[in-house]
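Enquirer: pasting a predicted model and its sequence here:
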2 protein chains.
Amino acid sequence: MDVYQALYTTRAMRRVSAEPIPEEVLLRVLDAAIRAPSAGNEHAFRFLVVRDAETKKALQVLYREVLDELYETRYAAMAQAVRSGTADATAQRVSASANHLADHLHEVPVLLFAFGRRGGESSVFPAVWSACLAARAEGLGTTVTTLLKSRRAEVDALLGLPADAEYEMAAMVPLGRPTGRWGIAQRPALHELVYAERWGEAPVWTCAEPLWPDPVGEGAR
Amino acid sequence: MDVYQALYTTRAMRRVSAEPIPEEVLLRVLDAAIRAPSAGNEHAFRFLVVRDAETKKALQVLYREVLDELYETRYAAMAQAVRSGTADATAQRVSASANHLADHLHEVPVLLFAFGRRGGESSVFPAVWSACLAARAEGLGTTVTTLLKSRRAEVDALLGLPADAEYEMAAMVPLGRPTGRWGIAQRPALHELVYAERWGEAPVWTCAEPLWPDPVGEGAR
């Protein structure tokens, strides 16, 4: 798969089948992921692959509880809008897929946990994102979630993390064959996220539509 | 470029030419970068493209000072080993290229700054890494550096960041046509960075050599 296709179409896929992931596919994903850069080239990240049915079920129960708590607190307004049918289409769709994941997390074939040192997220997230991109090339859907961090003690116990561990969970990525279609995620226009020369100064160009899948021009080698 | 080639061969390239980067190439890199996921899908990252000669020179002076300070403190033992010729080949090579970058930062055609909210590095580094991968596909070298964070006040002043900005600099990426060759960076063996089912438990497989460039097998779709 072309790298631009992967960069543009690796969006959150929260609906995946229970179909197992072949060992050699998982290995390719992980082996590509660990090539990512890390602070001081110290590789201060660790992955933990969870496929055990009991562990996944226990994690699903926790995950569902956290999402329900969020629907009563931080996301209360959104949840109310979804219930009353006044939420916009995007909110309805994301809410439905988030609920689907929370109800079916234990059926996802692989739950990939990523760990880093305290405050060392800059050394973890390139590798996590590389795993998602390699998974995309293998036809596997992913979504990067940090929900379980709010139940860290219980997750650590389930995963056997020692109390004095130098590492802590930074994110969890469910991996599986998606049941939906790939597509380019909605993003703000490029010129809303990029400044030129000084903070707040818009670049001379504007760019409201994704530049891919246009053919790569002469500048490429 | 195949996504696996990008994931495996995007290593730190600290020696680049002063050749300008065509505008359309830079746009493709940035437009691909902003497709990356972010916490809550809030796109809490901003990029700032610096090409102005005076700004780059001021940043180079700061960068050189920070590296010199590190050679007297955190990296003192390594710096002494390099000076006395007792450092290993990797340390010699990294030290030489780091010094080259510090002496020539102002000649790098584009300095790409990435900003995120305080504590929000998980929303910045996927986009930063996407920029590096897209740059790789365009034949441009990158290296992710956070050295300038130790001179944040001076950098903020140079870049015009207001004192009450919600964002702060998370990393800087010099972008340019590399003068050296691409290659697979050295990493620990896969099974040293990945556990199975429980923390500290080695997976059943071992994998000491990079899996790429082997042909992608049947598991891929």
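Expert: Cool, the structure landed.
Enquirer: pLDDT score for the spatially most central residue of chain A?
Expert: For chain A, the residue lying nearest the average C-alpha position, counting by Cα atoms, centre = their mean, turns out to be A:V144 (1.6 Å). Each residue has a pLDDT score; the one for A:V144 is 97.
Enquirer: distance of A:K149 relative to A:R198?
Expert: For A:K149, the distance to A:R198 equals 35 Å [Cβ to Cβ, to the nearest Å]. From N, CA and C alone the C-beta is placed, and that goes for glycine too.
Enquirer: tell me the buried residues in stretch A:17-28?
Expert: Applying a neighbour-count criterion of 16 or more other Cβ atoms under 10 Å in any protein chain shown, one finds A:I21, A:E24, A:V25, A:L26, A:L27, A:R28 buried in stretch A:17-28.
Enquirer: likewise for stretch A:136-151?
Expert: Using 16+ other Cβ under 10 Å as the test for burial, stretch A:136-151 gives A:R136, A:A137, A:E138, A:L140, A:G141, A:T142, A:T143, A:V144, A:T145, A:L147, A:L148, A:R151.
Enquirer: now, the most widely separated pair of those?
Expert: Looking at the buried residues of stretch A:136-151 by Cβ to Cβ, the two members farthest from one another are A:A137 and A:R151, with 31.9 Å of separation.
Enquirer: list the contacts of the residue nearest to the centre of chain A.
Expert: Contacts here follow Cβ atoms under 8 Å, 6 or more residues apart in numbering or on different chains; on that basis A:V144 touches A:A12, A:V128, A:W129, A:C132, A:A171, A:V173, B:P37, B:S122, B:P126.
Enquirer: thought the fourth one was touching A:T142?
Expert: Yes. In this structure, A:C132 is within contact of A:T142 by Cβ atoms under 8 Å, at 4.3 Å.
Enquirer: need the overlap of contacts for the two.
Expert: A:T10, A:V173.
Enquirer: any idea which helix is longest in chain A?
Expert: In chain A, taking DSSP state H as the definition, the longest helix is helix A:53-72.
Enquirer: who does the following helix or strand past that one touch, helix- and strand-wise?
Expert: Sequence-wise, the next helix or strand downstream of helix A:53-72 (DSSP states H and E) is helix A:76-84. The elements that helix A:76-84 packs onto, with contact taken as 3 or more Cβ pairs under 8 Å, 6 or more residues apart in numbering or on different chains; DSSP states H and E, are helix A:89-104.
Enquirer: where exactly do the strands run in chain A?
Expert: Chain-ordered strands for chain A, with DSSP state E as the definition, fall at A:45-50, A:110-117, A:167-175, A:194-196.
Enquirer: who are the contact partners of A:A189?
Expert: Under the criterion of Cβ under 8 Å, 6+ apart, the neighbours of A:A189 are A:T206, A:C207, A:A208.
Enquirer: which of those residues tops the neighbour count?
Expert: Of these, A:C207 is surrounded by the most neighbours, 16 neighbours in total, counting by other Cβ atoms under 10 Å in any protein chain shown.
Enquirer: is it true that that residue touches A:P188?
Expert: No. Under the criterion of Cβ under 8 Å, A:C207 makes no contact with A:P188, lying 10.6 Å away.
Enquirer: shaky segments in chain A?
Expert: For chain A, the stretches flagged by pLDDT under 70 are A:214-221.
Enquirer: now with 90?
Expert: Scanning chain A with the threshold set as pLDDT under 90 gives A:40, A:90-91, A:119, A:185-186, A:202-209, A:213-221.
Enquirer: can you count the residues close to A:E107?
Expert: Here the number of neighbours of A:E107 (other Cβ under 10 Å) works out to 16.
Enquirer: sorry, that was for A:Q5
Expert: Counted with other Cβ under 10 Å, the burial measure for A:Q5 works out to 16 neighbours.
Enquirer: check the one 3 residues further on too.
Expert: A count of nearby residues for A:Y8, using other Cβ under 10 Å, gives 24.
Enquirer: same question for A:D52.
Expert: Around A:D52 there are 15 other residues, counting by other Cβ under 10 Å.
Enquirer: same thing with A:H100?
Expert: With neighbours defined by other Cβ under 10 Å, the count for A:H100 comes to 14.
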